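Colleague: This is a predicted model, with the sequence first.
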Amino acid sequence: MKMAEAAQRLYEQKRVTITSKRQFTIPQKFYTELGFDREAVCLIQNGALIIKPVRHAPDCEFAEHILADLIAEGFSGDSLLAEFKIRQAKVRPAVEAMLKQAKDAAHGEGEYATYEEIFGTEE
């Protein structure tokens, strides 16, 4: 890629119209290229409005389940928050360990179970 093309990719501009309801449409190219879905984050930085796609952290997907378990276990108040932080911190290492086990199994290394061992054979 030539220097001018690289510079063009770093900075691209498109003029949009803002409706009376303060709405505008994100240009399709920007929407697709930046990976927008159904949510965006808007922030002001150095006098500019910045709109970024929401990136959901995988750890957050477990938060609701962790909280439900903690509430069912009787946690509340400060102890709920403290225990939530402890359990939330364990999510990423657990997922990383599972991914490593899956990768090892895919390479025929480590312990793994076959389809037949899990579901049995058809008779």
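Modeller: Received the coordinates, thanks.
Colleague: Tell me the first helix or strand C-terminal of the lengthiest helix in the chain.
Modeller: What stands out as the longest helix in the chain, according to DSSP state H, is helix 77-106. Next along the chain after helix 77-106, taking DSSP states H and E as the criterion, comes helix 115-119.
Colleague: Can you list the low-confidence ranges for this structure?
Modeller: For the chain, residues meeting the criterion pLDDT under 70 lie at 1-9, 56-60, 123.
Colleague: Where do the domain boundaries of the chain fall?
Modeller: 16-53, 58-109 (automatic domain parsing).
Colleague: Deepest in the core, which of those is it.
Modeller: Of all the domains of the chain, domain 58-109 has the most neighbours on average by mean count of other C-beta atoms under 10 Å, namely a mean of 12. Heads up, the C-betas are built off the backbone N, CA and C, glycines and all.
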